[in-house]
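Novice: quick one: sequence plus predicted model below, questions after.
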Amino acid sequence: MSGFFTDTHKDYPDAPKPEVEKFSGIVPSVSFSSMSTFEQCPYAVYLSKVCSIRGLGSPATDRGSKLHELLEEYVLGTTDEINWKQFKSGKFHAPIIDQFRELYQQDKCVPELKIAFTKEMQLTKWDADDCWLRGAIDVTTYDTPQTAKIYDYKSGNNASAAKHRAQLMLYAMMLFLSQPEVQTIEAAAIYLDHKITNFYTSYRRSDVNLYWPRYQQRLARVTDCRDFQPNPNAFSCRWCQHKTIQEELGQVEPACKFAYV
Ligand code: SF4
C-alpha cells in the first residue's frame, strides 16, 4: 500500500517514464534521509541518486555541518574550546556536551557511531558495495553495556519533534540489531539553537519486533523502486534543490520540470 505522498503522483500519469533498466538496482542503499525524501517525492531521489545531481550546501546546512564537527571534536578532545555564542541557545546544552566528553574519556561514549547493514541485515562496512542501510548516530552513550542513550544534534529553527523522533526510532532499532547486548535505549534530539530540555523516548529490545518490520518495508521501497514518479506539491517542492537552476553545477534549466510553483 502506498503512503499519502506516493499516492499523489498518480495525478501525473504523463510524466516521462524512466528507462526501467536504468533503475534496476541503481539505488542500492538507503538512509532515513533518502527514505524521507522518497516518501515525499520519488523523482527527487531519482535525480539525486540515479542522475547523481548532488545537493549544494546552503548557509543553514553548512552551519549545521560545522556545528556537528565542532561538537564531535570537543567530545573527542581534539579541541578544548567551544564558542557557545555560535549556538542560539548559548550555553544551554553545554552541561550535556561536557558530560559526553567525560564519558568519552571513560570509554562510555561514541561520537558519530556509523552503522551499516546489507539487505540481509548483516553488518557491513559503511562504504562497502553490499551496504544497503546506513545510519550515523551523533552520540551514543552507555550507562552499562545493556543500557544506551542515543542523541541526534539538530540545528536551525525547526524543533518539531515528529520527524526527528522517527529518525531516532530507526537509529534505536539499528543499534539493537547491531549490538545484541543492548537491552534498553533512550533517544533524544538535542536542539542546539533552542533552550529545550531533552525529551527522551525509551525503547526496549522487544520493540524491534514491533517497529522494525514497518521500517524495513519503507526502506525497501526505495531500493526496490523502478518507477520514480514525480510528486509535485507545495510541501514536497518547497525545499527541493531540483526545482531551481543550480548554476554552480552548470545547469541552464532546473533538473526537475514538474516542480510545484
Ligand atoms: S521539485 Fe518537486 S516534483 Fe521535482 S523532484 Fe523536487 S519535490 Fe519532486
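Specialist: Alright, I've got the coordinates.
Novice: any idea how far the strand or helix carrying residue 73 is from the chain center?
Specialist: Following DSSP states H and E, one finds residue 73 within helix 59-76. Its chain's C-alpha centre and that of helix 59-76 lie 16 Å apart, by C-alpha atoms, centre = their mean, to the nearest Å.
Novice: now do stretch 66-84
Specialist: Centroid separation between stretch 66-84 and its chain, computed with C-alpha atoms, centre = their mean, is 21 Å.
Novice: now do the same end-to-end measure for it.
Specialist: For stretch 66-84, the first-to-last residue distance is 13 Å (C-alpha to C-alpha, to the nearest Å).
Novice: about what we covered before: what residues sit buried inside the helix holding residue 73?
Specialist: 63, 64, 67, 68, 70, 71, 72, 74, 75 (16 or more other C-beta atoms under 10 Å). (Glycine included, C-beta is placed from N, CA and C.)
Novice: and what of stretch 246-261?
Specialist: Here stretch 246-261 shows 254, 255, 256, 258, 259, 260 as buried, counting by 16+ other C-beta under 10 Å.
Novice: which ones among the residues you listed also lie next to the ligand?
Specialist: By C-beta under 6 Å from any ligand atom, the members of these lying near the ligand are 256, 258, 259, 260.
Novice: hey, where'd the helices end up in this protein?
Specialist: Using DSSP state H, the helices of the chain run over 4-7, 20-23, 32-40, 42-45, 59-76, 94-105, 161-178, 207-224, 234-237.
Novice: can you tell if the last one touches the ligand?
Specialist: Yes. With C-beta under 6 Å from any ligand atom as the threshold, helix 234-237 lies in contact with the ligand, specifically through 236, 237.
Novice: now that helix - C-alpha only, CSV.
Specialist: The C-alpha trace of helix 234-237 is given here as CSV (Å, rounded to 0.1, in the frame of the first residue of the first chain):
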residue,chain,number,x,y,z
ALA,A,234,3.8,22.7,-2.1
PHE,A,235,5.2,20.6,0.7
SER,A,236,7.5,18.3,-1.3
CYS,A,237,8.9,21.0,-3.6
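Novice: now it: how far from the chain's centre is it?
Specialist: Distance, centroid of helix 234-237 to centroid of chain: 19 Å (C-alpha atoms, centre = their mean).
Novice: mind listing what's buried along it?
Specialist: With burial defined by 16+ other C-beta under 10 Å, the residues of helix 234-237 counted as buried are 236, 237.
Novice: hmm, who's touching it?
Specialist: 5, 40, 41, 44, 243, 259, 260, 261 (C-beta atoms under 8 Å, 6 or more residues apart in numbering).
Novice: ok, back up a step: and which of the buried residues of helix 59-76 is nearest residue 123?
Specialist: Nearest to residue 123 among the buried residues of helix 59-76, counting by C-beta to C-beta, is residue 72 at 22.3 Å.
Novice: what does the stretch 1-150 of the chain put close to the ligand?
Specialist: Applying C-beta under 6 Å from any ligand atom, we find that the stretch 1-150 of the chain lies next to the ligand at 41, 43, 44, 47.
Novice: hmm, back to that, Throw the buried residues of helix 59-76 into JSON lines and include pLDDT, thanks.
Specialist: Output for the buried residues of helix 59-76, formatted as JSON lines (pLDDT from 0 to 100):
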{"residue": "63", "pLDDT": "91"}
{"residue": "64", "pLDDT": "92"}
{"residue": "67", "pLDDT": "94"}
{"residue": "68", "pLDDT": "95"}
{"residue": "70", "pLDDT": "95"}
{"residue": "71", "pLDDT": "96"}
{"residue": "72", "pLDDT": "97"}
{"residue": "74", "pLDDT": "97"}
{"residue": "75", "pLDDT": "97"}
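Novice: the ligand: which of the residues you listed is nearest?
Specialist: Taking C-beta to the nearest ligand atom as the measure, the ligand sits nearest to residue 64 out of the buried residues of helix 59-76, at 20.7 Å.
Novice: leaving out chain neighbours, which residue sits closest to that closest one?
Specialist: Among residues not flanking residue 64 along the chain, residue 155 sits closest, at 4.2 Å (C-beta to C-beta, 6 or more residues apart in numbering).
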